[in-house]
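**Q** Prediction below, plus the sequence it came from.
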Amino acid sequence: MERNDSLLISAYYFWSNPLNAFIFCHGPMTITLADVYMLTGLRITGSVQPYEYLSAGSKRLAKIADYTEWASYILNHIGDEPTISKRKYVAFKNMWLERFIFCGSSYGPTYNHKLMAEHLAIGKGVPLGKYLLDAAYHLMYQVAAQLLKNEPVHTINGPWWLIQLWLNLYMHKIIRPDLRDLSFPSSNFDEEYKDKEGRTRQCTSYGEAASTIIIDVDVGHLFKKFYRGFDADVLTWLPYDEDENNKLIFPFKF
């Protein structure tokens with residue numbers, strides 16, 4: 001999923017830090033833990049211990065100073081053995097969290113999430129969805145703070161993809177009224193042959209459906225939509241259909 005800067009920038013202007021919500025003309029809206037679960041399937045139950053993950057964790061992985069980029073990080077931890085060792089698994093989880101989940105500010109490896117990676121690797125019940133939502137709120141806080149100061153928004157990193165998924169889902173009726181007709185890349189997907197049969201499959205979750213939506217509208221028109229409010233025929237307050245025939249249903253299993 002490519003980042004839709006027009007969509008994100010236009011929405012940023014309506015974010016309220018005191019309320020942790022977008023204040024659109026049709027009413028306040030915000031991403032919730034229920035949205036995080038329905039879009040990602042990540043665990044949202046369990047106690048949150050934020051200070052616990054300020055610890056550096058164990059010393060199983062090599063020094064971060066040994067790497068200049070993710071390629072060297074991967075090569076250092078891949079090893080020659082065919083099996084997946086605990087060290088390899090922790091290294092993979094650390095990269096997954098830093099680069100793809102929290103989208104950290106560094107373009108190279110860090111150990112900001114190493115202890116969390118170690119806990120996930122051993123199957124500890126980390127409520128990752130809660131930490132992800134917190135990171136999304138923090139991202140919006142930083143952007144809104146710069147806009148309030150009338151300063152240019154520099155590159156601010158964070159889980160932009162989660163905010164975009166949420167906006168896509170709640171705004172999908174602007175371009176596509178039915179989510180059930182969307183397709184998602186299959187396991188044998190190839191960009192060169194993407195139009196051939198068997199390269200895609202029907203979406204099976206709201207997250208997959210939201211990731212395929214492209215709201216190709218310029219910043220000015222999107223800003224006007226947020227400022228004036230959505231029309232009743234496209235306004236969506238709850239996109240999760242309870243129809244038993246809906247294949248996008250992702251049941252809550254706590």
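**A** Yes, it's here.
**Q** Report the residue spans of this protein with pLDDT below the cut-off.
**A** 50, 54-68, 77, 79-81, 106-107, 155, 177, 186-198, 242-254 (pLDDT under 70).
**Q** Domains in it, by residue range?
**A** 5-43+128-228, 53-121 (automatic domain parsing).
**Q** mind putting these in JSON lines, distance to residue 240 included?
**A** Using the backbone N, CA and C atoms, a C-beta is placed for each residue, glycine as well. Listed next are the domains of the chain as JSON lines, based on distance: least, Cβ to Cβ, whole Å:
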{"stretch": "domain 5-43+128-228", "distance to residue 240": "6"}
{"stretch": "domain 53-121", "distance to residue 240": "23"}
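**Q** So for residue 239, which of the ones you listed sits nearest?
**A** Across the domains of the chain, residue 239 has its closest neighbour in domain 5-43+128-228 (5.2 Å, Cβ to Cβ).
**Q** still on that earlier bit, can you put the domains of the chain in CSV and add mean neighbour count and distance to residue 234?
**A** Conversion of those to CSV gives the following (neighbours: other Cβ atoms under 10 Å; distance: least, Cβ to Cβ, whole Å):
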stretch, mean neighbour count, distance to residue 234
domain 5-43+128-228, 16, 4
domain 53-121, 15, 29
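**Q** among these, which is nearest residue 238?
**A** The nearest among the domains of the chain, by Cβ to Cβ, is domain 5-43+128-228 at 9.1 Å.
**Q** Do I have it right that residue 22 meets residue 30?
**A** Yes. The pair residue 22 and residue 30 passes the contact test of Cβ atoms under 8 Å, sitting 6.3 Å apart.
**Q** Would you map the strands across the stretch 101-250 of the chain?
**A** With strands called from DSSP state E, counting those that start in this stretch, the stretch 101-250 of the chain shows them at 183-185, 200-202.
**Q** strand partners of the first one, parallel vs antiparallel please.
**A** Taking DSSP bridges as the criterion, strand 183-185 sits next to strand 200-202 (antiparallel) in its sheet.
**Q** need the longest helix for the protein.
**A** helix 128-148 (DSSP state H).
**Q** residues in contact with it?
**A** 12-13, 15-17, 20, 31-33, 36-37, 40, 42-44, 46, 48, 50, 53, 101-102, 116, 120, 152-154, 156-160, 162-163 (Cβ atoms under 8 Å, 6 or more residues apart in numbering).
**Q** and that helix, how far from the chain's centre?
**A** Relative to its chain's centre, helix 128-148 lies at 12 Å (Cα atoms, centre = their mean, to the nearest Å).
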